[in-house]
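Task: produce atomic coordinates for the following.
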Amino acid sequence: MTGGDRKRAAALLLLSASALAASLPSKAVLSGTCCPGAVWAPDSRSLLFLDGPPVRGATGIYSVPSEGGAVTRRFSSVAFFSPKLRWAVRPGTGENTTLERLSDGRKFTLPTRGSDVTWTATETRLAYTRSDTSGNFDRRASRVYVADVFGAPKQVSTLYGGGISGWIGDSTLLLNGKLNAAGRDRDLFTLDTRTGARRTLKSALGFRGVNLSTDGSQVVYTVTFDSAARNGLWVQNTSGGAAKRLDSFGSYRWRDASRLLVIPLIPDGSPHLLREYNARTGAWRTLGDLGDQVRQGDWNVSPDGKRISYLSARDGNVRVVNLPE
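Now for the predicted structure:
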């Protein structure tokens, strides 16, 4: 079967699934178009969002229960908070970023130049890049650093036109980029930050939407503008082995260690369909449609994998959907 045949077959399957799908009930938990970018709290019981005047009395990070209800202010200061809400990350105006442990207020600084900080699942180690600020992005050097909390940073790699995709455990980073500024292809690879051992998972002109499963055992990514053999949506085991191309294209999020949720691109204005792919069994199933569309890819899966939230294209509200088991 050719690539074109695969695409036509996949499109027919999606249209068939869409026609048969039942709508998944949703509930608006925030209204009034106030709150794009809402994210789940670590306990999956509430959503967090940035807001302030004129809707709220003061600027801060606010919380609303996942079932809806009263909005309360969770944090009075604005910062980049770690996924488990153990740390507040506050970039300064110069080289240094201040990191504060919320349990006791203890602080330390790192010379990140304002770049993002990527935490391990235990939030005891972190990684960041310091990138050149001029020149073509494809040839721009990004130096990768790791540090234990309250420890000194250590450079572990230099990439060109790439960056950090996440942590696999407490010692291995998933990175993507070129090791040679003049090269054509980028590598998606793992790097053991303690031993320096490196494993290339895939090479391509570029990677988009690189996303690790909740336990780091699987990675999903999209390749575009490359050869027909390389383009597509791919899932791969981070320990190595062949990647599997999925006959789908759209927006995706991991539900758990093996289940990937996909909202396929069907550009006919119909409600968005929610599908689930099991990376361990290779099986697809259709969960239903939203009876709505997601605005600008703004949707998230709760940490327990039981719900999704999304920003409604129909009414601008943040809505929550309970997912079928």
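
mind checking which helix or strand of this protein has the lowest mean pLDDT?
The helix or strand of the chain with the poorest confidence is helix 3-20; it has a mean of 52 (mean pLDDT, DSSP states H and E).

Can you name the next helix or strand after it?
strand 26-30 (DSSP states H and E).

Let's see that following strand as CSV, backbone CA atoms only.
Output in CSV follows, covering the C-alpha atoms of strand 26-30 (Å, rounded to 0.1, in the frame of the first residue of the first chain):
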residue,chain,number,x,y,z
SER,A,26,-18.8,17.9,29.1
LYS,A,27,-19.3,20.4,31.8
ALA,A,28,-18.2,24.1,31.8
VAL,A,29,-16.1,24.7,34.9
LEU,A,30,-14.9,28.2,33.9
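
now the next helix or strand after that strand: mean pLDDT?
Next helix or strand after strand 26-30 toward the C-terminus (DSSP H and E): strand 39-40. The average pLDDT within strand 39-40 is 98.

tell me how far whichever helix or strand comes after strand 39-40 is from the chain's mean position?
Scanning forward in sequence from strand 39-40 by DSSP H and E, the next helix or strand is strand 46-51. Offset of strand 46-51 from its chain centre (Cα atoms, centre = their mean, to the nearest Å): 17 Å.

just the angle between strand 46-51 and strand 26-30, please?
Interaxial angle of strand 46-51 relative to strand 26-30 (axes from the mean of the first three to the mean of the last three Cα atoms, to 10 degrees): 40 degrees.

quick one: buried residues of whichever helix or strand comes after strand 46-51?
Sequence order places strand 60-65 as the next helix or strand after strand 46-51, per DSSP H and E. Using 16 or more other Cβ atoms under 10 Å as the burial criterion, the residues of strand 60-65 that qualify are 60, 61, 62, 63, 64. Placement of C-beta: from N, CA and C, glycine included.

Show residues contacting the next helix-or-strand element following strand 60-65.
Downstream of strand 60-65, the first helix or strand assigned by DSSP H and E is strand 72-75. The contact list for strand 72-75 (Cβ atoms under 8 Å, 6 or more residues apart in numbering) reads 48, 56, 58, 60, 61, 62, 63, 81, 88.

rewinding a little: TSV for the buried residues of strand 60-65, including distance to residue 28 and pLDDT?
Putting the buried residues of strand 60-65 into TSV (distance: Cβ to Cβ, whole Å; pLDDT from 0 to 100) gives the following:
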residue	distance to residue 28	pLDDT
60	22	95
61	20	97
62	16	97
63	16	97
64	10	97
